[in-house]
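Asker: sequence and predicted structure below; questions after.
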Amino acid sequence: MTHRPGMKCPPLIGATAVALLCATVSTHAQQDAATGPGQAFPVKAITLLIPFPPGTGNDIVGRLIGNKMSENFGQRVVADNRAGASGNIAIDAARRAAPDGYTLVVASTSFAINLHTMKTGHTLADFTPVAMIGKLPYTLMVSKSVPAKTLKELIDYLKARPGQLNAGQGGPTGTTYFLTETLRKTAGVDVQSVPYKGTTAGMMDLLADRMHLMFAPMVTSLPHYQAGKVQVHGVTGNKRSALMTEVPTFIELGYPMLDIPTWFAFIGPAGIPRSTVKILSDGVARALASKDVVDALVHQGVEPSYGSPAELDAFLKTDTAMWARLVKEAGIKPQ
C-alpha cells in the first residue's frame, strides 16, 4: 500500500476505517505523481488522434479546435493522424489509452456507423464523451444535365425513367450510401448506384455529366454550387444553411428521414475523471467562442454547435440507436 510521505494511518481505529483512509491517501498520492502537487490539468501535451488523413473533415475540425485549445491551455495539443479501417485504428487507440485526459480522438458519424457495420471490438460504453463540436450538412447534388429544378421535380423525373439515371455513393458503411438508399425507398425511385471510394471522384463524374446525382458534404458541394456547375435540391439540418439560404432543408421538403448530417465531437477512453473532462470540455467551448475558429469552421461548411459531456452522451446514444436501425433495415451484417 502506498502512503503519502509523512502520513501514517491512525493505529487505534477500526480495520474498515483504516482501509478507507489508506485507500484515499493512496489515490491522492497517485494523482500527485501524475500531475505533481498543486499542479492543475493539463501539465503536458495532449494527443488528439484523428481517424482520417490530413485535409479531411475530422482533420480540419480537430486541428482548428486543438490549436485554439493549445493557446488557451498553455500546453500543446498534438494532432496525430492514424487513418485506416474506416477510422477504427484511431478509435481503438483512444479506447486503449490511459484514462487521464491526455489522449482524445476526433469522432464523427463513422464512429456510430462502424459500431453496427464492423466487428470493432468496442462499444459506446468504452468511451468518455467530452464535447460536441458541430455538424457538417449533407447536400443532394444534381447534374446540370438533369432538367429538374426541385426535389419534387427530380423525383418525378426519376420515376418516369426507372433505372436510367446513376447515383454516386460511398461503400455500404458510409453516410452517402444510407442517404441514397433512404431516398430510393422513401421516394420510390429506381436509380443505378455507382460506388466510389470518395466524393472527389464522384464529383468529377457529376461535373462531367457522367453521374446524375449524389449526396455529398457541403464542404464538397459548396464551391461547385457557388460556381453554378451543379444543382443542389436539398440540405440536411433543422434550418437552412447560411451558405445556401435558397436551398430548402429535407425537413421542409417533407423528407425528414433524409436529415442525416455528419457530426464531430471529442471523446476519450472510459474512466477519465469528471474534473478533467470538465476542463477539456470547457476548453472546447472556449475555442468555439472564438470568432476566428467559428469563421474557419463555417468556411468549411461546418455548423459549430457546442455540446456538454452530458449532452454529447445523450446524443451519442440516440445517434447510435438510429444507425442500428438503419443498418438492420439495410440488411448489413457486421464484418
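Answerer: The structure has been received and is ready for your questions. Numbers count the residues shown, from 1 in each chain.
Asker: switch to C-alpha atoms for all contacts and neighbour counts from now on
Answerer: Noted.
Asker: burial count for the closest residue to Asp100 other than its chain neighbours?
Answerer: Distances taken as Cα to Cα, 6 or more residues apart in numbering place Ile272 nearest to Asp100, at 5.5 Å, with adjacent residues excluded. For Ile272, the neighbour count with other Cα atoms under 10 Å is 18.
Asker: can you check Gly121 too?
Answerer: Neighbourhood size, Gly121 [other Cα under 10 Å]: 9.
Asker: again, but for Lys135
Answerer: The burial count assigned to Lys135 is 23, neighbours taken as other Cα under 10 Å.
Asker: again with Ala40
Answerer: As a burial measure, Ala40 scores 10 neighbours (other Cα under 10 Å).
Asker: for it, give its distance to Gly74.
Answerer: Going from Ala40 to Gly74 by Cα to Cα, to the nearest Å gives 12 Å.
Asker: one more: Arg210?
Answerer: 51 Å.
Asker: what sits against Val247?
Answerer: Val247 makes contact with Val232, His233, Gly234, Val235, Arg240, Ser241, according to Cα atoms under 8 Å, 6 or more residues apart in numbering.
Asker: mind checking the SS state of it?
Answerer: Assigned by DSSP: H, G, I helix; E, B strand; the rest coil, the conformation of Val247 is coil.
Asker: so how far is Arg240 from it?
Answerer: When Val247 is compared with Arg240 (using Cα to Cα), they lie 7 Å apart.
Asker: and if you look at Ile50?
Answerer: In this structure, Ile50 lies at 29 Å from Arg240, with Cα to Cα as the measure.
Asker: the two - which one has more neighbours?
Answerer: Neighbours around Ile50 and Arg240, counted as other Cα under 10 Å, are more numerous at Ile50. The numbers are 29 against 19.
Asker: now do the helices in this protein.
Answerer: 15-35, 57-73, 88-96, 109-117, 151-159, 175-187, 199-207, 218-226, 274-288, 291-299, 309-330 (DSSP state H).
Asker: so where's the stretch 151-300 of the chain shaky on pLDDT?
Answerer: Within the stretch 151-300 of the chain, the stretches with pLDDT under 70 are 171-173, 198.
Asker: now do 90
Answerer: Counting by pLDDT under 90, the stretch 151-300 of the chain has low-confidence residues at 169-178, 181, 195-203, 216-223, 237-239, 241-243, 260-262, 299-300.
Asker: what separates stretch 134-145 from the chain centre, distance-wise?
Answerer: Its chain's average C-alpha position is 18 Å from that of stretch 134-145, according to Cα atoms, centre = their mean, to the nearest Å.
Asker: got it, and stretch 59-72?
Answerer: Taking mean C-alpha positions (Cα atoms, centre = their mean), stretch 59-72 and its chain are 15 Å apart.
Asker: what is the end-to-end distance of stretch 182-202?
Answerer: End-to-end distance for stretch 182-202: 19 Å, by Cα to Cα.
Asker: list the buried residues for it?
Answerer: Applying a neighbour-count criterion of 16 or more other Cα atoms under 10 Å, the buried positions in stretch 182-202 are Thr182, Leu183, Val189, Asp190, Val191, Ser193, Pro195, Thr199, Gly202.
Asker: adding distance to Lys333 as columns, could you present the residues you listed in CSV?
Answerer: Formatted as CSV, the entries for the buried residues of stretch 182-202 read as follows, by distance: Cα to Cα, whole Å:
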residue, distance to Lys333
Thr182, 18
Leu183, 21
Val189, 25
Asp190, 24
Val191, 23
Ser193, 20
Pro195, 19
Thr199, 24
Gly202, 26
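Asker: which one of these sits closest to Asn88?
Answerer: When the buried residues of stretch 182-202 are ranked by distance to Asn88 (Cα to Cα), Thr199 comes first, at 20.1 Å.
Asker: ok, the closest one - contacts?
Answerer: With contacts taken as Cα under 8 Å, 6+ apart, Thr199 has the following neighbours: Gln169, Gly170, Ala216, Thr220.
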